[in-house]
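Peer 1: Give me coordinates for this.
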Amino acid sequence: MKIVIYGATEIGCLIATEFFEDHDITIIDKEENRAEELSNLDISFIQGNASNIEVLKNADIKNADIFIACSGIDEANIVACMTAKQFGGVRTICFVSKEEYKNTLSFEKNSENFCNFFIDYIIWPEELLTQEIFRIVTVAQALDVENFADGRARLLEYKVQPHLSIIGKKVRECGFTKDTLMVGLTRDGQLFIPNGETEIQDGDKLIFMGTSHSLDILAGTFFHEKEIVKTVAIIGGGTVGRILARTLETLKIKTKIIEQDYERCQYLAEQLSNTLIINGDGTNLKLLDEEEIGSADVVISITNNDERNLLCSLLAKQLGVKRVIARVSKVLNIPLFEKVGIDIAISAKNAAINEVRNDLQENNVDILATVEQGQGEVLEINVLPEFNGNRVMDLKFPTRAIIGVIQRRNKVLIPKGDTEIHTDDVLIIFTTAENAPQIKEFFKVK
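Peer 2: Here you go, the predicted structure:
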C-alpha cells in the first residue's frame, strides 16, 4: 500500500515508523521539520506544503492509497486533504485539534449537500483520549478498560498489589470467575501470554477478557471489595477536562476541576452544571491539601504540559490518592511516568495511532485495541468458511494467542477448548504485537 503523510510531526514519525516495513511511505514537510529518526527509515521525503498540487504530484499522490494529514496546523491539514481528493480515489485521513473542526467536517460529510471534497476520516486525538480516560475511571482500580460487542464483553487490566491472595499461585489455581480468561501478563515491562502454570507475582499486571458481568464479579472478588468510583478530581480545565467532567456528571460522579486560568474557570462554570470549579495551581501542594484532593477516588492530571502533569500526579500520590491518571504529550515519556509510580499514563497520540492502524487493516481483520504501549493487540477476525466447525483446541496457531471472546450473531461466548467456531463468527483474539501478523495470516483464505 502506498501511503503519503503530510507532517513530520511526532504523530507523522510514529505512523512512518509503524508502517514503513510493509508499506511504501512518503512524508511531505519542510526540510527543517524533518526528524532525525526519519533518516533511518526506508521512506521518501518531499520538501514542501501538501496543499500545493505540484508538491502532491511529486509525491505521486495519484497512485497513493492513503493520504494522512497530521501537521500541527488544522487548516493546513484540511486544505491538504481536500487538495489530495482532487486526484481521485485516495482515502484521506485528517488530524484536527479543535472540536469545532471535527463537528463541522463530520456534519458536512454526512449532510445531503456535501460535495466531492469531503474527508474520509477525521481524527480528533483529544476526543479519543477523553473516551479512554472515561472507560478507565468508571472501573475501580483498573489500569486499562476496553469494551467489545456493544459493551457485553470487556478487557480489564489490574496490577497485583502486595495484599492479594493470588500472589505465589499458578493461574490454574486462582479460581478466576467463570466466563473470564486471563489473556496477558506484564512483568518487568515485558508482556507475554500466560498459561495455567504461570505463577503470579507481586507487581505483575494481569489482563483479563470476558463478559462484562463476569469481569465485574472478578474485580469485586480479587481486586477490590465492591468499590465504586464516587469522586474524581481533574487538574486542567482544557477541552479534555471539560468533556470528561460533563460525561462524569451524567453518572452522578462528584467531580471537581482545578484550573489556573480565571477566565477559563468562568467558562467552565457556565458549561458544567454539577462540577465544582476551583481557580488555582494544581502544582500547589497546599491548595491540593486544602481541597482534600487526597480523598478523591481518582485524580486525573491532563494539562498540556508533561512536567506539570508529572508533578501534579506525584503530589496527588503523596496525599494518598489510590489511583492517578496522567496525560502524556510525548509518547516516549510514558515509561518514565510509570517508573516513578504513576498508575496510568496515557497519550492522545497513542490513541490516534491505534485508529490509523485499524484503518489500514485487511477487510476481515480489525485491531480493536492495543495494550501496554502497543506490546499487545486485540484482534477482531471474521471466521471464513474454511474454518467452519473447527474446535478451539484443534486450531494449531503458529504462535501464542488466546481467543478471548466469540461473537455469534447477538450472543457473546467465552470459549473453552471444545467450543466450535462457525462461519461468520467474530473472534476477538489477544496476542502480542510481535505475533499478531502470524495470527492474521493464519485466518486468511489458504
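Peer 1: Against residue 81, how distant is the residue located most distally from the centre of the chain?
Peer 2: Distance to the chain centre peaks in the chain at residue 54, reaching 35.9 Å (criterion: CA atoms, centre = their mean). Between residue 54 and residue 81 the computed distance is 17 Å (CB to CB, to the nearest Å). In short, each C-beta sits where N, CA and C put it, glycine included.
Peer 1: before we move on, what about residue 98?
Peer 2: 15 Å.
Peer 1: which residues touch residue 210?
Peer 2: 153-154, 177, 179-181, 218, 404-405, 414 (CB atoms under 8 Å, 6 or more residues apart in numbering).
Peer 1: Include pLDDT when you put these into JSON lines, please.
Peer 2: Output for these, formatted as JSON lines (pLDDT from 0 to 100):
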{"residue": "153", "pLDDT": "91"}
{"residue": "154", "pLDDT": "91"}
{"residue": "177", "pLDDT": "89"}
{"residue": "179", "pLDDT": "90"}
{"residue": "180", "pLDDT": "93"}
{"residue": "181", "pLDDT": "94"}
{"residue": "218", "pLDDT": "88"}
{"residue": "404", "pLDDT": "94"}
{"residue": "405", "pLDDT": "95"}
{"residue": "414", "pLDDT": "94"}
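Peer 1: Quick check: of these, which has the highest neighbour count?
Peer 2: Neighbour counts for the contacts of residue 210, by other CB atoms under 10 Å, peak at residue 405, which reaches 28 neighbours.
Peer 1: What count of nearby residues applies to residue 400?
Peer 2: With neighbours defined by other CB under 10 Å, the count for residue 400 comes to 16.
Peer 1: Next one, pLDDT for it please.
Peer 2: At residue 400, the model reports a pLDDT of 95.
Peer 1: What's the local residue count around the residue nearest to it when sequence neighbours are not counted?
Peer 2: Nearest residue to residue 400, sequence neighbours excluded (CB to CB, 6 or more residues apart in numbering): residue 193, at 4.1 Å. Residues near residue 193, counting by other CB under 10 Å, number 19.
Peer 1: now residue 193: how far from residue 441?
Peer 2: 18 Å.
Peer 1: Residue 25 and residue 38 touch, don't they?
Peer 2: No - if you go by CB atoms under 8 Å, residue 25 and residue 38 don't touch, sitting 9.5 Å apart.
Peer 1: ok so, going back, so which of the contacts of residue 210 belong to helices?
Peer 2: Among the contacts of residue 210, the ones falling in helices (DSSP state H) are residue 218.
Peer 1: Nearest to residue 379 among the contacts of residue 210?
Peer 2: Closest approach between the contacts of residue 210 and residue 379, by CB to CB: residue 404, at 9.9 Å.
Peer 1: how near is that closest one to residue 171?
Peer 2: As defined by CB to CB, residue 404 lies at a distance of 14 Å from residue 171.
Peer 1: With residue 50 instead?
Peer 2: Residue 50 sits 50 Å away from residue 171, going by CB to CB.
Peer 1: same deal with residue 424?
Peer 2: 32 Å.
Peer 1: Run through the stretch 201-350 of the chain and note the low-pLDDT ranges.
Peer 2: Residues of the stretch 201-350 of the chain that meet the criterion pLDDT under 70 lie in 225-227.
Peer 1: Go again with 90.
Peer 2: Judged by pLDDT under 90, the stretch 201-350 of the chain has its weakly predicted residues at 212-213, 215-229, 250-251, 322, 330-332, 335, 338, 341, 349-350.
Peer 1: if you go through it in chain order, where are the strands?
Peer 2: With DSSP state E, counting those that start in this stretch as the criterion, the stretch 201-350 of the chain has strands at 205-211, 231-235, 254-259, 275-279, 298-301, 323-327, 344-346.
Peer 1: Parallel or antiparallel, which strands does the shortest one pair with?
Peer 2: Using DSSP bridges, strand 344-346 pairs in its sheet with strand 323-327 (parallel).
Peer 1: From the rest of the structure, what touches the strand it pairs with?
Peer 2: The contact list for strand 323-327 (CB under 8 Å, 6+ apart) reads 129, 133, 136-137, 140-141, 236, 240, 297-303, 309-310, 312-313, 316-317, 337, 342-348.
Peer 1: go with 7 Å
Peer 2: Contact with strand 323-327 is made by 129, 133, 136, 141, 297-302, 309-310, 313, 316-317, 337, 342-346, as judged by CB atoms under 7 Å, 6 or more residues apart in numbering.
Peer 1: Let me know the angle separating that strand from strand 231-235.
Peer 2: Calculated by axes from the mean of the first three to the mean of the last three CA atoms, to 10 degrees, strand 323-327 forms an angle of 30 degrees with strand 231-235.
Peer 1: gap between strand 323-327 and the chain center?
Peer 2: Averaging C-alpha positions (CA atoms, centre = their mean, to the nearest Å) puts strand 323-327 15 Å from its chain's average.
Peer 1: Use 23 as the first number for this chain going forward.
Peer 2: I'll keep to 23 as the first residue from here, and by that count the last item is strand 345-349.
Peer 1: Now it - C-alpha only, CSV.
Peer 2: Below are the C-alpha coordinates for strand 345-349, written out as CSV (Å, rounded to 0.1, in the frame of the first residue of the first chain):
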residue,chain,number,x,y,z
ARG,A,345,-5.3,5.9,41.5
VAL,A,346,-3.7,8.7,39.5
ILE,A,347,-4.1,9.1,35.7
ALA,A,348,-1.7,11.4,33.9
ARG,A,349,-1.9,12.7,30.3
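Peer 1: quick one: buried residues of it?
Peer 2: Within strand 345-349, the residues that qualify as buried by neighbour count (16 or more other CB atoms under 10 Å) are 345-349.
Peer 1: Just the CA coordinates for stretch 178-194, please, in CSV.
Peer 2: Extracted C-alpha coordinates of stretch 178-194, given in CSV (Å, rounded to 0.1, in the frame of the first residue of the first chain):
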residue,chain,number,x,y,z
LEU,A,178,-9.7,-5.2,32.1
GLU,A,179,-6.1,-4.8,33.3
TYR,A,180,-5.2,-4.8,37.0
LYS,A,181,-1.9,-4.5,38.9
VAL,A,182,-1.2,-7.2,41.6
GLN,A,183,-0.9,-5.5,44.9
PRO,A,184,1.1,-6.9,47.9
HIS,A,185,-2.0,-8.0,49.9
LEU,A,186,-3.7,-10.1,47.2
SER,A,187,-4.2,-13.8,47.9
ILE,A,188,-3.3,-14.8,44.3
ILE,A,189,0.4,-14.0,44.8
GLY,A,190,2.5,-17.1,44.5
LYS,A,191,-0.3,-19.1,42.9
LYS,A,192,-0.3,-20.6,39.5
VAL,A,193,-3.0,-19.3,37.1
ARG,A,194,-4.9,-22.6,37.2
